[in-house]
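Peer 1: Here's my sequence, what's the structure:
(one chain, ligands or ions: 1)
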Amino acid sequence: MDRIPRAEPSTPAGGAEPYPGTEPPAPGGRATGRCDPYPPPGNLDGMIEIEHLTKRYGRVLAVDGLTFTVRPGRVTGFLGPNGAGKTSTLRMLLGLNTPTSGRATIDGRSFREFGTGLRHVGALLDANDVHDGRTANAHLGALARSNGLPRGRVREVLATVGLGDAGRRRIGGFSLGMRQRLGIAAALLGDPPVLLFDEPVNGLDPEGIRWARGLFRELAAEGRTVLVSSHLMGEMEHTADHLVVIGAGRLIADESLAAFAARATTGGVTVRTPDPTALAAVLAEAGATVRAHGPDTLSVTGPTAAEVNELAFTHRVMVHEVTAHGKTLEDAFMQLTADSVRYRAAATAAGAEGGAGR
Ligand SMILES: Nc1ncnc2c1ncn2[C@@H]1O[C@H](COP(=O)(O)OP(=O)(O)OP(=O)(O)O)[C@@H](O)[C@H]1O
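Peer 2: Residues are numbered from 1 along each chain as shown. Reported below is the predicted structural model:
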């Protein structure tokens, strides 16, 4: 398989200095173990630029004029519901698919222009896209060889991902979680400044998920560009600093997690008052949507809890209790992408999930 296009070795096989012109790294402390190319030779800053990127597969417009930038030094969550176009975008970035139009570049160059792929960009696209008959050592060894990386990296990255004892085992016997770890190991092999992970925590156990989140954050803290795709907001809220949200191939949001979280705070306000009629009139006048709940309780959407309090105070209406209901980030994400969900389960009369429409 070709996880990402193979690069020719840049040094003669067995060459003593695999990364000419780079200083030996300081011992220890790095998320990926020690491998000389990071920081990479030259002045790469690891900036990913997606410009008006479009991909059409026959009648399916998978990616539709997408433009965004992924910066180094932070984890960028690449979010979207099933079929949003995340994998297609990553594949174009890696030169595995050709854009119908537009560009996807790293430091201004297409991936194929980098001579030694794994030293510049590490990627996990599909954990099952591996040769089952090979051992983990053989799989990573072949990647190391074809990218001019020292054989010792195989042991290092297997240890980093927790597969230190599994190097001699055939991949066919690996669980999905082990395959994900192996895919992450392959991405780390060249110690690259840019890392792309497509749904990397699928199949990982809770400890594995926590480990992967920590790893992504460490990689970003080292100044790398880390792009992690997911269709679950919950996976991103503890990992990402920045979010790029797409739906039906189009950009929906490109903002910090903090800005996204701010959207999630207006989930409505419940207010208890001895004079619900007067308060409802005041709130409606201010543009709020108000529903009565029992004799003394109003459910209010629009203003924040503080604004409800202020309106009540200004109009001299007594309130006994004001409670703000925060939406979860998952709620905010689902609301944001609701109009662009391509594949939705059909609801049965009883409200249970039916078959997916894919
Ligand atoms: N090789 C292909 N041929 C035809 N259609 C394709 C191909 N690859 C992807 N598509 C379609 O393009 C759309 C986007 O798919 P893509 O896999 O990029 O989305 P995604 O966001 O990664 O989805 P998921 O979260 O389900 O993995 C989908 O409608 C998909 O069926």
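
Peer 1: Up against the ligand, what does the stretch 101-250 of the chain have?
Peer 2: Applying CB under 6 Å from any ligand atom, one finds that the stretch 101-250 of the chain approaches the ligand through His231. The C-beta positions use only the backbone N, C-alpha and C, and glycine is treated the same way.

Peer 1: helix or strand for Leu311, which one?
Peer 2: helix 305-314 (DSSP states H and E).

Peer 1: whoops, I mixed them up, Ala62
Peer 2: Per DSSP H and E: strand 60-70 holds Ala62.

Peer 1: Likewise for His139?
Peer 2: Assessed by DSSP H and E, His139 sits inside helix 136-146.

Peer 1: buried stuff in the longest helix anywhere in the chain?
Peer 2: Longest helix of the chain, by residue count under DSSP state H: helix 206-221. The neighbour-count check on helix 206-221 (16 or more other CB atoms under 10 Å) flags 208-209, 211-213, 215-220 as buried.

Peer 1: List of residues touching that helix?
Peer 2: 31-32, 72-75, 160, 162, 177, 180-181, 184, 195, 197, 200-201, 204, 226, 228, 235, 238-239, 241 (CB atoms under 8 Å, 6 or more residues apart in numbering).

Peer 1: could you point out which element follows it?
Peer 2: Remark: after helix 206-221, the chain's next helix or strand is strand 225-230, criterion DSSP H and E.

Peer 1: Tell me the helices and strands packed up against the very next helix or strand once past that next one.
Peer 2: Where DSSP H and E defines the elements, the next helix or strand beyond strand 225-230 is helix 233-236. If you count contacts as 3 or more CB pairs under 8 Å, 6 or more residues apart in numbering; DSSP states H and E, helix 233-236 packs onto strand 74-79, helix 329-337.

Peer 1: My read is that Val201 contacts Gln180, right?
Peer 2: Yes: using CB atoms under 8 Å, Val201 makes contact with Gln180 at a distance of 7.1 Å.

Peer 1: quick one on the thing from earlier: by contact count, what packs against the helix holding Leu311?
Peer 2: Using 3+ CB pairs under 8 Å, 6+ apart, helix 305-314 is in contact with strand 269-272, helix 276-285, strand 321-324.

Peer 1: Need the winner for burial among those.
Peer 2: Per residue and on average, the most neighbours among the helices and strands packed on helix 305-314 fall to strand 269-272, with a mean of 21 (mean count of other CB atoms under 10 Å).

Peer 1: Each with direction, which strands does it pair with?
Peer 2: Strand 269-272 sits in its sheet next to strand 297-301 (antiparallel), strand 321-324 (antiparallel), going by DSSP bridges.

Peer 1: what's next to that strand, contact-wise?
Peer 2: Contacts of strand 269-272 (CB under 8 Å, 6+ apart): 279, 293, 296-301, 303-305, 308, 312, 319-325.

Peer 1: Measure how far that strand is from the centre of its chain, please.
Peer 2: Centroid separation for strand 269-272 versus its chain: 36 Å, with CA atoms, centre = their mean, to the nearest Å.

Peer 1: For Leu47, give its distance to the ligand.
Peer 2: Just to correct that, residue 47 is Met rather than Leu. Shown here: Met47 relative to the ligand, a distance of 22 Å by CB to the nearest ligand atom, to the nearest Å.

Peer 1: Tell me who's in contact with that residue.
Peer 2: Met47 touches 69-72, 106-108, 225, counting by CB under 8 Å, 6+ apart.

Peer 1: quick one: Gly122 is in a strand?
Peer 2: Yes: Gly122 sits within a strand when classified using DSSP: H, G, I helix; E, B strand; the rest coil.

Peer 1: Leaving out chain neighbours, which residue sits closest to Ala187?
Peer 2: Gly122 (3.3 Å; CB to CB, 6 or more residues apart in numbering).

Peer 1: residue contacts, the one you found?
Peer 2: So Gly122 contacts 186-190, 192, 194-196 (CB under 8 Å, 6+ apart).

Peer 1: Repeat that for Gly164.
Peer 2: Gly164 makes contact with 155, 158 under the criterion CB under 8 Å, 6+ apart.

Peer 1: The helices and strands packed on helix 233-236: which one's closest to the ligand?
Peer 2: Checking those against the ligand by CB to the nearest ligand atom gives strand 74-79 as the closest, at 8.7 Å.

Peer 1: so how far is the closest one from its chain's centroid?
Peer 2: Using CA atoms, centre = their mean, the offset of strand 74-79 from its chain centre is 4 Å.

Peer 1: Find the residue ranges of the protein scoring beneath the pLDDT cut-off.
Peer 2: Where the chain drops to pLDDT under 70, the residues are 1-44, 115-116, 263-267, 340-358.
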